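Colleague: Quick one: sequence plus predicted model below, questions after.
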Amino acid sequence: MSSTTTITTTASKPKRPDPDPSPRITDVHDLVRALSQIHPISKPIAAFFAAHSVSLSLPRKKALLKVGTICHHVYFIRKGALRAFMKDGNKEITTWITVENELVTSIAGLNIQQPSKEFIQALEPCELLVMSYEDLEKLYELHPEFNIITRKLLQRYYHDAENRAFISRIPKADQRYRHFLETQPHLANRIPLRYIASYLGLALETLSRVRKKISSNEL
């Protein structure tokens, strides 16, 4: 899952709803539909999303978050793909990649208000919904049932984190890539190969060779 009334990001800033007399309501249908697959979303929660979320467009390659910046928001991907990465000198190490219908944030920023150790960048033009940490806390207080949804989301994201840790420990390049295909097939033909190689901890040349062998049924 990546608090003030102003969204601080390197992307273009979305406009907040006008305070009165009639606040603009954000279309949150995609968010409600995605969360409803985890747990039923009540009409009051959906209305809270609509009243406290704003839309944000992020061009391809634009940074949503930079290292050293405290993230005060949670982002829902309506369209597009994001990746997180760290830098080791001139080398970029991709730590996660995700696409539509997922929530992203900087966990360190959201939970303990610490500066991010990762960059978050758009791999494609993105359309996001944004909610502040402050509003998220209000949601928990006003609608305690949303805590159930958050718990289930955290369980799923913990599983995803465990899977990423497992991938890094697979010794052989072909086995590592096969595991990626089994667990994240929707990314294989969508995300540029250099980012998949970085995510898997492989040289681009190695991954290209593995893919070629797999496609020719040599592995």
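Modeller: Structure received. Residues are numbered from 1 along each chain as shown.

Colleague: Domain map for the protein?
Modeller: 29-169, 170-219 (automatic domain parsing).

Colleague: who does the helix or strand where residue 162 lies touch, helix- and strand-wise?
Modeller: Under the criterion of DSSP states H and E, residue 162 resides in helix 146-169. Contacts defined by 3 or more Cβ pairs under 8 Å, 6 or more residues apart in numbering; DSSP states H and E place helix 146-169 against strand 91-98, helix 133-142, helix 173-183. Glycine gets a C-beta too; all of them are placed from N, C-alpha and C.

Colleague: my read is residue 41 is in a strand, agree?
Modeller: No - per DSSP: H, G, I helix; E, B strand; the rest coil, residue 41 lies outside any strand segment and is coil.

Colleague: Next, count neighbours for it.
Modeller: Neighbourhood size, residue 41 [other Cβ atoms under 10 Å]: 21.

Colleague: what pLDDT does it get?
Modeller: With respect to pLDDT, residue 41 scores 96.

Colleague: ok, now residue 117?
Modeller: We have a pLDDT of 90 for residue 117.

Colleague: just to revisit the earlier point, of all the helices and strands packed on helix 146-169, which lies closest to residue 47?
Modeller: helix 133-142 (10.7 Å; Cβ to Cβ).

Colleague: Show the pLDDT at the closest residue in space to residue 99 that isn't next to it in sequence.
Modeller: With Cβ to Cβ, 6 or more residues apart in numbering as the criterion, residue 99 has its nearest non-adjacent residue at 4.6 Å, and that residue is residue 81. pLDDT for residue 81: 98.
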